[in-house]
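Engineer: Sharing a model prediction with you, sequence too.
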Amino acid sequence: MARRHHEGEGGGGARRRIHLVVLLLICVTCGAVYLVCSPVLRNPFEKELSSSSSEKKKKTMVVGSLDDKESCCHGAEGTELWGEAVNWGPHLILNSSYQCCTACKANSKCNSWVFCGDRDKCAAKYGECWLKVQEDLLAPQVQETGPHVAWTSGLIYREGTGVIELETEHGVVHIQLMPDCAPQSVAYIIELLRLRHCSDCVLYRAEGRGEFWDAQGNHVSMTAFGPPYAVLQGILAAQGVPLKDIPMEARLQVKRGMVGWVEGGPDFFISLANHEEWYPRYTIFGSVLEKNMTLIEELASLSTAPSIWSGVKVGVLKKRISFNLRKPS
Ligand SMILES: *[C@@H]1O[C@H](CO)[C@@H](O)[C@H](O)[C@H]1NC(C)=O
Ligand SMILES: *[C@@H]1O[C@H](CO)[C@@H](O)[C@H](O)[C@H]1NC(C)=O
């Protein structure tokens, strides 16, 4: 942004003066635009260590769709879920996985769906939409996964299902997962849940709402967009669970309580504010239950040390918070 201006040789005094005035105007305008826009344009999630592999990851990422939470109806390609059928595929031929997902949502017994959408691989099964029931939605029965699998599958977490617990020494945070918005991300979390201990799970950054967002998370007009950035940041990973490249999935308006990936993970964030200015940059895969936002606020107010990561002012927790991931008991 801070660009050096070179003036050309020659030109009369008057012309030069006009040039100077124009230049000055441009500088003032640029400065104003910079002041207004920089917090918006700046990525608040520069990682402590920028690795070259993260740069590569960004490029191979699939560009996801822009959604709102209500209209999300996605599934994971190359995945065949098993389970008892409430509707057999040959009886329900549809045109898209979205239609199949919608059909599942409309059937109160259905909590998972399997659709055959690859014309070549599916052959006679093309268009089949199976509506199924998983006994344990946080440990679904997977028949097969991989690029050779013709099926696309999705999970539907209705109210009261698909909530995971993030257990810290300060209390337990309940997070509603959103597999219809971010199926691959939720599949990864389900892998982590299988372990007894989430070895690398930690929160390392904590920043409150400052004077920029109110208690409901709404931005206070005429103020900046941080720092502080109203966010908790950490890592969701464990030894033995390789992080497959999580693609960009549903990118939503970031609301207070929402949980999403920093780039392609495993670094993640929990938002304390309605961050309209971040749209449409981040994949959102869950949301903290309203009742637990008090605890999130407490965590955000823990003691931090200021630091600068790639030009971004951040609050680093003096004592990192390890946590475990578990299914509700
Ligand atoms: C699928 O597409 C075909 C052709 O466009 C259309 O005739 C049919 O009604 C569609 N089926 C559904 C279930 O939308
Ligand atoms: C978190 O939310 C759950 C479910 O609403 C509630 O039972 C629990 O007490 C809350 N925990 C904290 C620490 O707020």
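Structural biologist: Received it, and whenever you're ready, just let me know what you need. Ligands and ions are numbered 1, 2, ... in the order given.
Engineer: Quick check, the residue in the stretch 101-250 of the chain closest to ligand 2?
Structural biologist: G171 (3.6 Å; Cβ to the nearest ligand atom). Backbone N, C-alpha and C define where each C-beta goes, glycine included.
Engineer: and the nearest residue to that residue once chain neighbours are set aside, what does it touch?
Structural biologist: Sequence neighbours aside, L295 is the residue nearest to G171 in space, at 4.7 Å (criterion: Cβ to Cβ, 6 or more residues apart in numbering). Taking Cβ atoms under 8 Å, 6 or more residues apart in numbering, we find L295 in contact with H170, G171, V172, V173.
Engineer: got it, and L252?
Structural biologist: D67, D68, K69, C72, C181, M258, Y279, P280, I284.
Engineer: what's around the last one, how many residues?
Structural biologist: Right, the one you point to is I284. 25 (other Cβ atoms under 10 Å).
Engineer: would you say it is within a strand?
Structural biologist: Yes. Assessed with DSSP: H, G, I helix; E, B strand; the rest coil, I284 lies in a strand.
Engineer: Any idea what it is bridged to?
Structural biologist: Taking DSSP bridges as the rule, I284 bridges to G260.
Engineer: Looking at the contacts of L252, state which has the most neighbours.
Structural biologist: Within those, neighbour counts (other Cβ under 10 Å) peak at C181, which reaches 28 neighbours.
Engineer: Could you pick out the residues of the stretch 101-250 of the chain near ligand 2 for me?
Structural biologist: Selection of the stretch 101-250 of the chain residues close to ligand 2 by Cβ under 6 Å from any ligand atom yields G171, V172, H174.
Engineer: Would you mind putting those residues into a markdown table with secondary structure alongside?
Structural biologist: Listed next are these as a markdown table, based on three-state DSSP:
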| residue | secondary structure |
| --- | --- |
| G171 | strand |
| V172 | strand |
| H174 | strand |
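Engineer: tell me which element the nearest residue to E77 once chain neighbours are set aside is part of?
Structural biologist: Sequence neighbours aside, T152 is the residue nearest to E77 in space, at 4.8 Å (criterion: Cβ to Cβ, 6+ apart). Using DSSP states H and E, T152 sits in strand 151-155.
Engineer: rewinding a little: which one of the contacts of L295 has the most neighbours?
Structural biologist: Neighbour counts for the contacts of L295 (other Cβ under 10 Å) peak at V173, which has 23 neighbours.
Engineer: Report the distance from the helix or strand that residue falls within to the chain centre.
Structural biologist: Per DSSP H and E: V173 is located in strand 171-177. Strand 171-177 sits 16 Å away from the centroid of its parent chain (Cα atoms, centre = their mean, to the nearest Å).
Engineer: just to revisit the earlier point, in strands, which of the contacts of L252 fall?
Structural biologist: Using DSSP state E, the subset of these located in strands is M258, I284.
Engineer: any chance of the contacts of L252 in a markdown table, plus pLDDT?
Structural biologist: Below are the contacts of L252 laid out as a markdown table (pLDDT from 0 to 100):
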| residue | pLDDT |
| --- | --- |
| D67 | 65 |
| D68 | 73 |
| K69 | 71 |
| C72 | 92 |
| C181 | 94 |
| M258 | 97 |
| Y279 | 88 |
| P280 | 86 |
| I284 | 94 |
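Engineer: want to throw the contacts of L252 into CSV with distance to G226?
Structural biologist: Below are those laid out as CSV (distance: Cβ to Cβ, whole Å):
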residue, distance to G226
D67, 25
D68, 24
K69, 23
C72, 27
C181, 25
M258, 16
Y279, 15
P280, 19
I284, 19
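Engineer: Quick check: the residue nearest to E290 when sequence neighbours are not counted vs ligand 2, distance?
Structural biologist: Leaving aside its sequence neighbours, E290 sits nearest to G257 (Cβ to Cβ, 6+ apart; 6.9 Å). Plainly put, G257 is 11 Å away from ligand 2 if you go by Cβ to the nearest ligand atom, to the nearest Å.
Engineer: what do you get for L295?
Structural biologist: Distance, L295 to ligand 2, using Cβ to the nearest ligand atom: 4 Å.
Engineer: Could you pull up the mean pLDDT of whichever strand or helix holds that residue?
Structural biologist: If you go by DSSP H and E, L295 is part of helix 293-300. Throughout helix 293-300, pLDDT has a mean value of 98.
Engineer: immediately after the lowest-mean-pLDDT helix or strand in the chain, which helix or strand?
Structural biologist: Among the helices and strands of the chain, helix 52-60 carries the lowest confidence by mean pLDDT, DSSP states H and E, at a mean of 38. Next along the chain after helix 52-60, taking DSSP H and E as the criterion, comes strand 76-77.
Engineer: Packing partners of that following strand?
Structural biologist: Contacts defined by 3 or more Cβ pairs under 8 Å, 6 or more residues apart in numbering; DSSP states H and E place strand 76-77 against strand 151-155, helix 183-193.
Engineer: Fine, thanks again, bye for now.
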